[in-house]
Every structure is written in C-alpha cells, then in structure tokens.
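In: I would like the atomic coordinates for the input below:
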Amino acid sequence: MSSEDTDAGRNNEFHKLIRCRMTNTAGETSIRFVALEYFLLWEYMMQNRHGFTFEEYSLCLWVPQDEFEQKPELYSHSGEVEPVGRINIAIYDDNYHYTYNVARFVRDSEIDGFKAIVRSHVPDEVQASNRFSLEETPGYCIVKESSPDRERYVLGLYGGLHDLY
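Out: As a prediction, this is how the structure comes out:
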C-alpha cells in the first residue's frame, strides 16, 4: 500500500465524539470534543485531578472535510454542523523505542492555540528531529443530539463489560 493510499484511508475515518461544556475552577468555560470510547476516563481525570465540571453533552460524528464536501446534501440534513479539526500527534520515545500516536479534536477557531500548547510541551530538539509530527486534518462535527446528562450516551456502552471480569 502506498503512502498516498494510507493517507487517504486515514483521512476518511469517521469518529464518534462527545461534545461537552467544561468549566475550570476559575469559572472559565470551554467546549471539548472527546472520543466516545475514552470519554468516561477523560471526564473522571478532569474532574478528580483538575476540578473541572461538565454540562451540555452532545453526541457527535466527526467527518473529514473532503468526505463532507463530497456529500453536502447528505450532511446538510444530519444536524448542527461545526468546523472541527483532527490533530494527529506522534512522538517517538527513544527510551522505549515506541511511537506514541494520539488524535485530538479541536474547534477550528482554537487550533492554532492548541498546536502552540502542544509544542510548548515538546522540547525544541525533539520538534526539530524526525521523532515528532503534528498534522491537522480539517473536518466537521455533526451534532446528532444533545442532553444535559451524559448517561444517555455513555453508560450503555459499558454495561456488558462487567460480565467479562
């Protein structure tokens, strides 16, 4: 498979996200988009480690921009649309000989600030090497439905897991 095929496949990924309003201990609010499968852990860490509170949950589908633009008639009926980019971060760890890959979803208006924050945590020599990459994929979040309560979206996912342990 060529690198073009790999890139095209990666750009056509869809992601289920939870969109929520988050308030820090100073009372400042922001909107976050978190992958559905990581949301409960992320929310727990933000609440218990940093003291954030949450409200206004929405289930969203993230669609790459190229897919969205190919089928505008389909997505125009799907729900509220918000421009949200996917930021792919890859850092190679010399100690463990492992590349850590992570994707974050950020409103278009906040992408430059987010990338600056990420870069501020990565040493200059790592950024200048081939051990670090920060790639942006434009896209849209389609808000499927909203609820003041997150249980509607996330609790049903894990009910069957208790039977496995």
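In: which strands or helices does the longest strand along the chain pack on?
Out: As assigned by DSSP state E, the longest strand anywhere in the chain is strand 80-93. Other elements packing on strand 80-93 under the criterion 3 or more C-beta pairs under 8 Å, 6 or more residues apart in numbering; DSSP states H and E are strand 53-64, strand 98-107, helix 111-120, strand 132-137, strand 139-147. C-beta: built from backbone N, CA, C; applies to glycine.
In: what's the next secondary structure element after the lowest-mean-pLDDT helix or strand in the chain?
Out: None of the helices or strands of the chain scores lower by mean pLDDT, DSSP states H and E than helix 3-11, at a mean of 43. Under the assignment DSSP states H and E, the closest C-terminal helix or strand after helix 3-11 is strand 15-23.
In: I'd like the next helix or strand past that next one.
Out: Per DSSP H and E, the helix or strand that comes after strand 15-23 is strand 29-35.
In: contacts for that next one, please.
Out: 15-24, 42-43, 60, 62, 84, 103, 105-107, 141 (C-beta atoms under 8 Å, 6 or more residues apart in numbering).
In: can you check stretch 61-80 too?
Out: So stretch 61-80 is contacted by 11-17, 33, 81, 84, 86, 105, 137-145 (C-beta under 8 Å, 6+ apart).
In: on that earlier part again, starting from the longest strand of the chain, tell me which strands it pairs with and how they run.
Out: strand 98-107 (antiparallel), strand 132-137 (antiparallel), strand 139-147 (antiparallel) (DSSP bridges).
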